[in-house]
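Peer 1: here is my input; please provide its structure:
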Amino acid sequence: MALNPTWDNTTLFEDDNPSDRAFRAEVRAWIAANLPADLCNRPMRIPPPELKPWHRKLYKKGWIAPHWPKQYGGMGATLTQQIILFEEISRVGAPTPYPHGPNFIGPLIIDVGTEEQKARHLPPMLTGDITWCQGYSEVDAGSDLANLSATATLDGDHFVVNGHKVWTTNGHYADWMFGLFRTDPAAKAKAKQAGISMLLINLKSPGVTVRPIETIKGDSEFAEEFFVDVRVPKENLLGPLNDGWRVANRLLGSERFTTGHPRNAAMILNKARQVAELTGAARAPGFRQRLAALEIDLLAFSAYYRHAASLHGHGKAPPSMAPVIKIAGGELGQRASELLVEAAGPLGAQVEDLRIGNQALNPAGEMFEMRRVTVGSGAVEIQRNIIAKRILQLPG
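Peer 2: Sure, this is the predicted structure:
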């Protein structure tokens, strides 16, 4: 059996709808004409300042927030169109814009924010003039997010914020943070999720210290933030006071839907094939068997993902959908990254990039990245607990 040279993950979501086919063709042609070649297939994630020109091109085209309603500057796209746009950008190895503004906090502000919050924060989010980060995790509140201890005490017209946030993606590049803080510490005795509020915080405020964190992949994508008596205007409360847990959970479902997309595994499998041809691993029966098994599992998961996307688009998605996608998508990407390291043989553990034509590959870096994917947005172990307790109603 001959190995296919590439896996075009866009074929997993071809649609019989003529308008969707036409939109895919439009997106593909526009990207070919407008995407800077030096942004493609980078072994490390591109920092936000370098990505801003690409963000602005997508904004001018009207594609930076396809899921936003048109009245707020979005495209009002269907979920299928959103997936098509996402796939066509990733298909050529291009970076997708950082999601924390348009994909995460933007929809929450549209959904539960005040008119003043919408007017102030949505326009610069679209243009890319303001970069956002998510302030959730703490030293003792990672996957167990409800255990957070950073506080925000109401003092007249301001909240006084104290505490520490960590593993904040691009926190050292961000202008603003949306974060969860305990506004009623006494409520924790009744339920850990109680007494938590979501605040919008200007990271240039006095009392905020931001420090980058170098990851096992060798980049400094994460940061930690220290808050010492930081005064945050009361109008920066997003949603009702002490109801931040409910507000945050509106976001986590869609975030897990994104991080679990089959494209992670599909793109890494492409790289594994290319490296295997270079090293000779492609001729080993054991490698070919593991590759075929992964392809079968990826096809099955892609069918599930497409069905889930259709249900989500019609508002009929079951509560199990987001955690299942996070588990299956993350673990498929992890298995694909391990196969990539195996394909590279002795070169799989090296720090330096491999060069295949004009493409730089880093098998070890991809494996480390996929470890992060299985942890971010809630570790897969937590997702299994969610399914067991909330969906299957199993005893603790």
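
Peer 1: give me the contact list for stretch 168-179.
Peer 2: 47-49, 98, 100, 104-105, 108, 121, 130-137, 150, 165, 198-204, 210-212, 220-225, 238, 376 (C-beta atoms under 8 Å, 6 or more residues apart in numbering). Any C-beta I mention is one placed from the backbone N, CA and C, and that applies to glycine too.

Peer 1: ok, V210 - contacts?
Peer 2: Per C-beta under 8 Å, 6+ apart, neighbours of V210: 171-172, 203, 223-226.

Peer 1: quick one: it is in a strand?
Peer 2: Yes. Per DSSP: H, G, I helix; E, B strand; the rest coil, V210 lies within a strand segment.

Peer 1: what helices and strands are in contact with whichever strand or helix holds I327?
Peer 2: Element membership for I327 (DSSP states H and E) is helix 321-344. Helix 321-344 sits against helix 244-259, helix 263-279, helix 285-313, helix 363-373, helix 380-386, with contacts defined as 3 or more C-beta pairs under 8 Å, 6 or more residues apart in numbering; DSSP states H and E.

Peer 1: rewinding a little: only whichever of the contacts of V210 are buried, select them in PyMOL.
Peer 2: Selection of buried members from the contacts of V210 for PyMOL, criterion 16 or more other C-beta atoms under 10 Å:
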select buried, resi 171+172+203+223+224+225+226
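
Peer 1: for the contacts of V210, give me JSON lines that also has distance to I31.
Peer 2: Formatted as JSON lines, these follow (distance: C-beta to C-beta, whole Å):
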{"residue": "G171", "distance to I31": "29"}
{"residue": "H172", "distance to I31": "29"}
{"residue": "L203", "distance to I31": "32"}
{"residue": "A223", "distance to I31": "30"}
{"residue": "E224", "distance to I31": "35"}
{"residue": "E225", "distance to I31": "35"}
{"residue": "F226", "distance to I31": "40"}
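
Peer 1: show me the contacts of stretch 168-179 that map onto strands.
Peer 2: 132-135, 165, 198-202, 210-212, 222-225, 238 (DSSP state E).

Peer 1: how's this protein carved up into domains?
Peer 2: 9-97, 132-241, 260-391 (automatic domain parsing).

Peer 1: any chance of those in CSV, with distance to G113 and mean pLDDT too?
Peer 2: Below are these laid out as CSV (distance: least, C-beta to C-beta, whole Å; pLDDT from 0 to 100):
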stretch, distance to G113, mean pLDDT
domain 9-97, 10, 85
domain 132-241, 6, 92
domain 260-391, 22, 83
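
Peer 1: can I get these in a markdown table with distance to A248?
Peer 2: Putting the domains of the chain into a markdown table (distance: least, C-beta to C-beta, whole Å) gives the following:
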| stretch | distance to A248 |
| --- | --- |
| domain 9-97 | 18 |
| domain 132-241 | 6 |
| domain 260-391 | 11 |
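
Peer 1: still on that earlier bit, PyMOL command to pick out the buried ones of the ones in strands among the contacts of stretch 168-179?
Peer 2: The following PyMOL line selects those of the ones in strands among the contacts of stretch 168-179 that are buried, judged by 16+ other C-beta under 10 Å:
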select buried, resi 132+133+134+135+165+198+199+200+201+210+212+222+223+224+225+238
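
Peer 1: still on that earlier bit, what separates the helix holding I327 from the chain centre, distance-wise?
Peer 2: 15 Å (C-alpha atoms, centre = their mean, to the nearest Å).

Peer 1: all set now, cheers.
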